[in-house]
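K.L.:
Could you work out the structure for the sequence below:
(2 chains)
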Amino acid sequence: GQNIDQPTEMTATEGAIVQINCTYQTSGFNGLFWYQQHAGEAPTFLSYNVLDGLEEKGRFSSFLSRSKGYSYLLLKELQMKDSASYLCAVRSPSGNTPLVFGKGTRLSVIA
Amino acid sequence: EAQVTQNPRYLITVTGKKLTVTCSQNMNHEYMSWYRQDPGLGLRQIYYSMNVEVTDKGDVPEGYKVSRKEKRNFPLILESPSPNQTSLYFCASSPGQGSYEQYFGPGTRLTVT
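P.N.:
Residues are numbered from 1 along each chain as shown, chains lettered A, B, ... in the order given. This next block holds a predicted model:
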């Protein structure tokens, strides 16, 4: 089966650092994506991890541990525009659904 | 500009009236996909296509049809819409299935009364 868990909501302060966790149990693993989605808009790609470790891209970093079925997205120097939903998605190498999304974490950045 | 377009963006219709939501991409992508997004349920894949004339079911295909006659277009067809198909629909494309990010269209908000 496929199961991806993320916290439903988080709140953080402008300028701070926030970590959004994602755990997954899927039938096979072929990479993990993070997407950002502002309310009413389309998801946009943030990062991709297929090997263990940290991928850094500006203020955003994503970490993966395949043995633990765990990933996190780290956002530094938070800005008000970072208020959005963050979606974790796992690619399975087989099965009917190649890409499975978690329900998303709604992040609110407050002043 | 590289993009995925969807039409219409908003649609209110009645139960049983057939409708088609169009999706087109100008990036020569092989892989295209349709999702629906509902509060509390996240994005769920309806159908996907790995190339022309190759389509397959996702997680929630019931009540939907698709076709892929040309590489750029991937329409979603609701033959007899029902109220439980009221949702926000996204089309997406990518060069392939592997490590490629998906590019999403702007979404179609459908209401079936």
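
K.L.:
what residues does chain A put near chain B?
P.N.:
Counting by Cβ under 8 Å from any Cβ of the partner chain, chain A comes close to chain B at A:30-31, A:33, A:40-45, A:48, A:50, A:87, A:89, A:91, A:96-104. Every C-beta, even on glycine, is put in place using the N, C-alpha and C of the backbone.

K.L.:
Okay, and the beta partners of residue 20?
P.N.:
Defaulting to chain A. The residues listed as beta-bridge partners of A:I20 by DSSP bridges are A:L73.

K.L.:
wait, chain B
P.N.:
Where B:T20 sits in a bridge, its partners, by DSSP bridges, are B:I77.

K.L.:
dump the residue contacts of it.
P.N.:
Residues near B:T20 by Cβ atoms under 8 Å, 6 or more residues apart in numbering or on different chains: B:P75, B:L76, B:I77, B:L78.

K.L.:
May I see the ChimeraX selection of the buried members of these?
P.N.:
Buried members of the contacts of B:T20, identified by 16 or more other Cβ atoms under 10 Å in any protein chain shown, are gathered into one ChimeraX selection as follows:
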select /B:75,76,78
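
K.L.:
Let's have the contacts of B:T20 in JSON lines, adding pLDDT.
P.N.:
Putting the contacts of B:T20 into JSON lines (pLDDT from 0 to 100) gives the following:
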{"residue": "B:P75", "pLDDT": "98"}
{"residue": "B:L76", "pLDDT": "98"}
{"residue": "B:I77", "pLDDT": "98"}
{"residue": "B:L78", "pLDDT": "97"}
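
K.L.:
No further questions, thank you.
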